[in-house]
Each structure stands twice: as structure tokens, then as C-alpha cells.
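>>> When you get a sec, could you give me coordinates for this:
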Amino acid sequence: MSIDISSLLERSPKIRHNRPRIAGTGITVHRIGIWYKLGHSAEEIARRYGHLTIAQVYAALAYYHANREEIDAEIAADDEDAMDGDLARALRLRGVDVTTANLEGMANCADDEHLEYATAQGRVLYSFNVSDYLRLHGEYMREGKNHAGIILGQQQRYSLGEQMRRLLRIIAVKSAEEMQNNYSSSQAMPGNLTAG
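As a prediction, this is how the structure comes out:
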């Protein structure tokens with residue numbers, strides 16, 4: 001008896017935000033993609049979950065590879081959204097005035113819109129998008145435009161706690177005036193986020 005590969009995956013608007021998942025489970029293609037990106041083989045992923053067959057994992061990986069750009073973008077957004085919320089809460093507990101793109105309704109806006117918004121609010125912008133914000137910083141400086149400051153970090157390099165410590169360090173040693181029209185790297189100095 002042959003199995004239709006498409007029967008191994010399913011979607012439902014009521015389960016996992018309608019993301020494709022392994023049929024009969026709550027395990028999304030996104031989750032399998034994350035394990036794959038971490039260097040795990042299909043066999044290791046199947047063993048990790050125990051109840052998944054190798055065919056189910058390969059079906060998820062086939063879907064992941066066929067839609068990799070879209071799924072990787074969603075994975076990055078999910079990671080950033082979750083980390084933004086956790087980091088923002090931790091900083092608020094320490095008295096830092098913080099907001100996030102999600103809270104401001106700007107999650108799907110372009111980078112230049114984020115920088116314009118942060119500038120209008122007098123907020124330093126924190127991002128993992130190093131190359132785009134370095135480019136925007138350069139454009140602002142060439143055009144004589146001002147911004148409130150940019151702090152750049154590497155999401156995969158530091159834990160949430162380490163990012164918070166580094167951000168708090170930058171906040172402690174750099175005034176709002178010192179941040180204006182400048183950028184800092186969380187690698188160079190312990191501290192970072194959208195702080196005002």
C-alpha cells in the first residue's frame with residue numbers, strides 16, 4: 001500500500017495559526033525546520049520526538065525546503081517576537097522605558113519606518129538586523145538626518161539574560177545625547193533594545 005505524501009501534513013486555522021504541521025500532531029514544519037537548522041538529521045529529529053516516523057519528518061523537511069525562504073522568515077519573526085517580549089518585560093522590571101514593534105503595531109513595517117518612528121519618539125532602536133541598520137545609519141549621516149541612536153546585536157550569539165545585561169550596561173554608560181546619531185554594538189560593550 002502506497003502513502004500519499006501530502007497526507008503526512010495538514011493545516012487548520014484553529015491549530016498552530018494554520019501553519020503546516022505533521023498530520024495528527026501539533027508539531028509544525030517550522031519546528032522541524034528549526035531542528036534541521038540546528039544541525040539535526042531527519043533521523044535525530046524523529047528519535048527526539050519518539051512518536052514521529054522518519055517519513056513524517058522527511059515530509060516536513062520536503063515542505064520546509066520547498067518553502068524555505070517564507071518559513072525561515074516566519075521562524076526569525078517568531079524568535080524575534082518572543083525574545084522582544086521577554087527582553088522588554090525584563091527591562092521594564094528594571095525601570096527601563098521600553099516598547100516593541102509588536103506593541104506599536106509595526107511588526108510588518110520596513111526598517112526605515114522603524115528608524116523614523118523611533119526617532120520621532122526619541123527612542124534608541126535595538127535590532128539584530130545589523131547590515132540594514134548600518135546602511136540606514138550611513139544614509140542618515142550622508143543626508144544630514146538625525147536619529148536617536150541604534151544598538152545592534154547578534155540574536156544567536158547571546159542569551160536573553162546576557163542581552164539584558166549588555167543593554168543595561170549601555171544604558172548606564174551612554175546618555176541619550178551620546179546615543180544620538182550614533183550606533184553601538186552589543187558585542188563591543190555589554191548592553192541593548194528600543195529604550196527611551
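
>>> Past the lowest-mean-pLDDT helix or strand in the chain, which element shows up next along the chain?
Least confident helix or strand of the chain, by mean pLDDT, DSSP states H and E, is helix 68-93 with a mean of 76. Downstream of helix 68-93, the first helix or strand assigned by DSSP states H and E is helix 111-121.

>>> Can you list the buried residues in that next one?
By neighbour count on 16 or more other CB atoms under 10 Å, the buried set for helix 111-121 is 114, 115, 116, 117, 118, 119. Bear in mind the C-beta positions are built from the backbone N, C-alpha and C, glycine included.

>>> Please identify the pairing partners of the helix or strand following that helix and their relative orientation?
Past helix 111-121, further along toward the C-terminus, the next helix or strand under DSSP H and E is strand 125-127. Strands adjacent to strand 125-127 in the sheet, as given by DSSP bridges, are strand 150-152 (parallel).

>>> now the partner strand: how far from the chain's centre is it?
Distance, stretch centre to chain centre, for strand 150-152: 15 Å (CA atoms, centre = their mean, to the nearest Å).

>>> Quick one: list the elements packing against the next helix or strand after that strand.
Counting by DSSP H and E, the element after strand 150-152 in chain order, helix or strand, is helix 160-173. Here helix 160-173 touches helix 68-93, going by 3 or more CB pairs under 8 Å, 6 or more residues apart in numbering; DSSP states H and E.

>>> what about the protein, any weak spots by pLDDT?
For the chain, the stretches with pLDDT under 70 are 76-83, 107-108, 155-157, 186-196.

>>> can we see that at 50?
188-196 (pLDDT under 50).

>>> circling back: of the buried residues of helix 111-121, just say which sits nearest to residue 28.
Residue 28 lies nearest to residue 114 out of these, by CB to CB, at 27.4 Å.

>>> which residues does the closest one contact?
101, 106, 125, 127 (CB atoms under 8 Å, 6 or more residues apart in numbering).
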